[in-house]
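Visitor: here is my input; please provide its structure:
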Amino acid sequence: MHRTRKVLAALLSFSMLFALVVPMTVSAKSFPDVPNTHKYYYAINTLSEMGVINGYDDGTFQPEGQVTRAEFTKMITVALGVNIVPSSAGTGFTDVAVDHWAAGNIAAAAGMGIINGMGDGTF
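Guide: Residues are numbered from 1 along each chain as shown. Below you'll find the predicted structure:
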């Protein structure tokens with residue numbers, strides 16, 4: 001939980017810097033598991049409005065869950081406004097399939113030097 005809090009705080013700070021440059025064209029998604037009394041309600045809604053986060057397929061956000069490396073990579077590339085182009089070339093990491101939901105984000109972040117992987121060729 002502590003890690004999730006740090007990630008959300010870092011992303012909110014990061015996104016607020018980019019909010020001055022990136023137009024807000026995406027409306028916030030309402031998450032049933034994030035009531036307006038939740039301590040990160042405003043941070044989650046701000047990131048949702050910016051399109052940085054969008055929750056899970058079942059409509060939840062799971063605010064107490066752990067953020068995976070793939071999820072964080074997607075959030076960072078979206079916050080930076082990186083144009084993600086699907087590629088059949090893969091990500092450059094042996095453990096990320098070409099059809100992985102975040103493969104484009106991972107490849108873009110690696111190409112920009114934002115992520116390096118584990119040193120053994122894995123993400």
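
Visitor: element containing the most centrally placed residue in the chain?
Guide: For the chain, the residue sitting closest to the mean C-alpha position, by Cα atoms, centre = their mean, is M75 at 1.8 Å. In this assignment (DSSP states H and E), M75 forms part of helix 69-80.

Visitor: alpha carbons of that helix, as PDB, please.
Guide: Listed in PDB are the C-alpha atoms of helix 69-80, where the atom choice follows Å, rounded to 0.1, in the frame of the first residue of the first chain:
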ATOM      1  CA  ARG A  69       5.700  -2.200 -13.900                       C
ATOM      2  CA  ALA A  70       3.500  -2.400 -17.100                       C
ATOM      3  CA  GLU A  71       0.800  -0.200 -15.500                       C
ATOM      4  CA  PHE A  72       3.400   2.400 -14.300                       C
ATOM      5  CA  THR A  73       5.000   2.400 -17.800                       C
ATOM      6  CA  LYS A  74       1.700   3.100 -19.400                       C
ATOM      7  CA  MET A  75       0.900   5.900 -17.000                       C
ATOM      8  CA  ILE A  76       4.200   7.600 -17.500                       C
ATOM      9  CA  THR A  77       4.100   7.400 -21.300                       C
ATOM     10  CA  VAL A  78       0.500   8.700 -21.400                       C
ATOM     11  CA  ALA A  79       1.400  11.500 -18.900                       C
ATOM     12  CA  LEU A  80       4.400  12.400 -21.200                       C
END
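
Visitor: in it, which residues are buried?
Guide: 70-79 (16 or more other Cβ atoms under 10 Å). Yep, even glycine has a C-beta here, placed from its N, CA and C like the rest.

Visitor: could you dump these to a markdown table with distance to M118?
Guide: Output for these, formatted as a markdown table (distance: Cβ to Cβ, whole Å):
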| residue | distance to M118 |
| --- | --- |
| A70 | 14 |
| E71 | 17 |
| F72 | 15 |
| T73 | 14 |
| K74 | 19 |
| M75 | 20 |
| I76 | 18 |
| T77 | 19 |
| V78 | 23 |
| A79 | 23 |
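
Visitor: and which of these is nearest P63?
Guide: E71 (12.8 Å; Cβ to Cβ).
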